[in-house]
Structure formats: structure tokens, C-alpha cells
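# coordinates for the following, if possible.
(one chain, ligands or ions: 1)
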Amino acid sequence: MKLKVYADRLSQPVRAVIIFCKVNGIDYEEIKVDIANREHLTPEFAEINPMQQLPAIVHGTFKLFESHAILIYLASSFPEVADHW
Ligand SMILES: N[C@@H](CCC(=O)N[C@@H](CS)C(=O)NCC(=O)O)C(=O)O
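Numbering: from 1, shown residues only. This is a model prediction of the structure:
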């Protein structure tokens, strides 16, 4: 099950999540949600994050939002992430 990261790189917390994935070799699929085009305000995206903000992730059946929570989840759940994180 590949990690999905819902992202718009204009967003600092999105960049934090993406950089964390890249630095730690986490395989992920980036799904662009264009804030300028209000794509985060669609009912479909509300199913992923009811707060309708970025970033958000889906990992299998698990959904999570809030960048700090996402970073803790990634550090805890992916064995390739070094212990110092
Ligand atoms: N505390 C949240 C902040 C999320 C946030 O404010 N995201 C902004 C982009 S930086 C957003 O989605 N804004 C769109 C909106 O609020 O309508 C986090 O760290 O994930």
C-alpha cells in the first residue's frame, strides 16, 4: 500500500511532509490539490480531511491530517526512517 500525500507545494507544511519522505526514502504518491483553484474545498477532499486543509495523507485505509501528526506517523510507521527522528 503506497502512501498518498495530498499536496500543494505552495504550502509550507506540505513541503515539510514531502521533504521528510524524500530524506527518508519513503515511497509516496503525490496528489496535487490546487489551493488556488479551491480544489481543497471539494466534497471529495473533505472525505480525506474534514478540515479541508493540506497536507493530508492516506495510507491503506488510514487517513491523517495536520503536518506534525503526519510526521510523527511517518517516523513511527516506516522502518526505513532512522531512529533519531
Ligand atoms: N496546522 C496545519 C495547517 C494546515 C494549513 O493551514 N494548510 C493550509 C496551507 S499552508 C491550507 O490548506 N489552507 C487552505 C485553507 O485553509 O483554506 C498543519 O500543520 O498541517
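# now do the SS call for the closest residue to Gln52 other than its chain neighbours.
Using C-beta to C-beta, 6 or more residues apart in numbering and skipping residues adjacent in sequence, the residue nearest Gln52 is His40, 5.2 Å away. (Glycine included, C-beta is placed from N, CA and C.) Using DSSP: H, G, I helix; E, B strand; the rest coil, the structure places His40 in helix.
# all strands of the chain, in order?
If DSSP state E is used as the criterion, the strands of the chain fall at 3-7, 28-32, 56-59, 62-65.
# is the third one up against the ligand anywhere?
Think strand 56-59. No: using C-beta under 6 Å from any ligand atom, strand 56-59 stays clear of the ligand, coming no nearer than 8.2 Å.
# gap between that strand and the chain center?
Counting by C-alpha atoms, centre = their mean, to the nearest Å, strand 56-59 is centred 5 Å from the centre of its parent chain.
# what is it packed up against?
Judged by 3 or more C-beta pairs under 8 Å, 6 or more residues apart in numbering; DSSP states H and E, strand 56-59 is in contact with strand 3-7, strand 62-65, helix 67-77.
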